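Trainee: quick one, what's the 3D model for this:
(one chain, ligands or ions: 1)
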Amino acid sequence: MEPINLFVPTFRIDETLAEIRDCLERGWTGLGFKTVEFERAWCDYTGLPHAHFLSSATTGLHLALRLLREKGEWRDGDEVITTPLTFVSTNHGILHERLTPIFADVDEYLCLDPDSVAARIGPRTRAVSFVGLGGNVGRWAEVRALCRERGIKTILDASHMAGTWVGDRHAGWDADIAVFSFQAVKNLPTADSGMICCADAELDAEARKWSWLGINKDTYSRTLSSGSYKWHYDVEHVGFKYHGNSIMAAIGLVALRYLEEDNRHRRHLAAQYEQELAGVRGLAVVPIAPGCTPSRHLFQILVEDRDEIIVQLNRQGVFPGVHYRDNTIYRMYANAAGSCPRSAHASDRIISLPLHLRMSEPEVRRVANALRGALEGAPA
Ligand SMILES: *Cc1c(COP(=O)(O)O)cnc(C)c1O
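Mentor: So this is what the prediction gives:
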């Protein structure tokens, strides 16, 4: 029996190798060249005004906080409201900046609940970090509106949201900063890379400096357009080496060409799951927010006895995943344990079913049957 795995990254190999070959022949694998082309292609596709290509979403989420912190003159210990139901990257960036993560609870979409966010806002709240879990937009618009009223910055961890549309706009258009992941198992897979998209041109320019050791290349490109005197750049402040490279951008450029088609396939598989699982007892499908055309990075359900159900699925050759365990169960965030009961409840029940581009309709049916068997005790 062929195993059915959670994720299977799929690449258009010849087309991707041709883009990479272009880098090798040109002798240009680093920053510039394909990274610039990919940034432009990403802005064209999403309609977002600015995009800066980075080595990962993890670096992007950290950089987002550094940029906002610098601009807003935040102090050590100022607060960022965040979700406990995420990959730890979202929250590590807060600590890297010596800020305090304040965990708010999730709603039925497993995204931050605006009421819980509102209840956590205090005099030192500077930003809210919202995760579009599985590509779902949840109640982001409400969270963003209440932040805007109070002058609180918004960061959208859009790691799952490459190709999520809300109405006719791409996710992230109304965030102060949106960060996308192009890690190997995400909807737009490279190997490791990401994109930071700032609403504000000035912040975008800062992102470019901070991601390359604080070097201000504009100084030389403005004054010495001939291209000579390349060593005449200025360094304005300490920075990071967070920028992406042309090899990753080459892979991303090809993946982007197929993103819409690929996400349509994912939505098709998700719709089939919904049909197959309708009426199965002991299972709840996590809903998609109205008006959202999700990337369908994940198809998530909630069940009792989750760990045992997964063991039974494994026996049938089905290998799902868990996104995520409530971060407050980790030792480093244990001070917030128990503060988000809905997240804790979901954390013990959530399953991400296999969903990837090589999956066929019979395989979706096989997963659904295995799940029905596990839940209803009938032979699968
Ligand atoms: C994958 C992921 C990240 C980190 O992305 P990288 O590109 O691997 O650094 C951050 N947040 C969420 C929600 C993710 O799924």
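Trainee: in space, what's closest to G239 - neighbours in sequence excluded?
Mentor: G214 (3.3 Å; Cβ to Cβ, 6 or more residues apart in numbering). Where C-beta positions appear, they are placed from N, C-alpha and C, glycine not excepted.
Trainee: okay, that neighbour: pLDDT?
Mentor: Listed pLDDT for G214 reads 90.
Trainee: likewise for H237?
Mentor: 87.
Trainee: residue contacts, it?
Mentor: K209, G214 (Cβ atoms under 8 Å, 6 or more residues apart in numbering).
Trainee: and D14, how many residues sit next to it?
Mentor: 8 (other Cβ atoms under 10 Å).
Trainee: so which strand or helix has it?
Mentor: For D14, the host element (DSSP states H and E) is helix 13-26.
Trainee: what segments of the chain are helices?
Mentor: 13-26, 34-46, 57-72, 89-96, 114-120, 140-150, 201-210, 217-223, 246-277, 306-315, 341-347, 361-376 (DSSP state H).
Trainee: most neighbours per residue, which of those helices?
Mentor: helix 57-72 (a mean of 23; mean count of other Cβ atoms under 10 Å).
Trainee: where's the residue lying closest to T10 once chain neighbours are set aside relative to Q183, distance?
Mentor: If the residues on either side of it in the chain are set aside, T10 comes closest to L357, at 4.3 Å by Cβ to Cβ, 6+ apart. Distance of L357 to Q183, computed by Cβ to Cβ, to the nearest Å: 16 Å.
Trainee: same check on I350?
Mentor: Counting by Cβ to Cβ, the gap from I350 to Q183 is 20 Å.
Trainee: looking at those two, which one has more neighbours?
Mentor: I350 (25 against 20).
Trainee: that one pairs with what?
Mentor: L302 (DSSP bridges).
Trainee: so how far is stretch 307-315 off the chain centroid?
Mentor: Offset of stretch 307-315 from its chain centre (Cα atoms, centre = their mean, to the nearest Å): 27 Å.
Trainee: show residues contacting the longest strand belonging to the chain.
Mentor: When the chain is scanned for its longest strand (criterion: DSSP state E), the result is strand 125-131. Contacts to strand 125-131, defined as Cβ under 8 Å, 6+ apart, come from residues 61, 65, 68-69, 72, 74, 78-83, 85-86, 90-91, 94, 99, 102, 111-112, 117, 138, 140, 143-144, 147, 150, 152-157, 159-160, 175-176.
Trainee: ok, and which of those residues reach the ligand?
Mentor: T86, T90, D157, S159, H160 (Cβ under 6 Å from any ligand atom).
Trainee: distance check, the first one against F53.
Mentor: This means T86. 23 Å.
Trainee: tell me which of these two has more neighbours.
Mentor: Remark: of T86 and F53, F53 carries more neighbours, 30 against 26, as counted by other Cβ under 10 Å.
Trainee: ok, so what distance separates that one from D200?
Mentor: 18 Å.
Trainee: using PDB, list the CA coordinates for stretch 78-96.
Mentor: What follows is stretch 78-96, C-alpha atoms only, in PDB (Å, rounded to 0.1, in the frame of the first residue of the first chain):
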ATOM      1  CA  ASP A  78       6.600  46.500  25.100                       C
ATOM      2  CA  GLU A  79       3.900  44.000  24.100                       C
ATOM      3  CA  VAL A  80       3.000  42.100  20.900                       C
ATOM      4  CA  ILE A  81      -0.300  40.200  20.900                       C
ATOM      5  CA  THR A  82       0.100  36.900  19.200                       C
ATOM      6  CA  THR A  83      -1.400  33.400  18.800                       C
ATOM      7  CA  PRO A  84      -0.300  30.300  20.600                       C
ATOM      8  CA  LEU A  85      -1.500  28.100  17.600                       C
ATOM      9  CA  THR A  86       1.500  28.700  15.300                       C
ATOM     10  CA  PHE A  87       4.900  27.600  14.300                       C
ATOM     11  CA  VAL A  88       7.400  29.000  16.900                       C
ATOM     12  CA  SER A  89       8.900  31.400  14.400                       C
ATOM     13  CA  THR A  90       6.000  33.800  14.800                       C
ATOM     14  CA  ASN A  91       6.800  34.200  18.500                       C
ATOM     15  CA  HIS A  92      10.500  33.900  18.600                       C
ATOM     16  CA  GLY A  93      10.900  37.100  16.700                       C
ATOM     17  CA  ILE A  94       9.100  38.900  19.500                       C
ATOM     18  CA  LEU A  95      11.600  37.700  22.000                       C
ATOM     19  CA  HIS A  96      14.600  38.400  19.700                       C
END
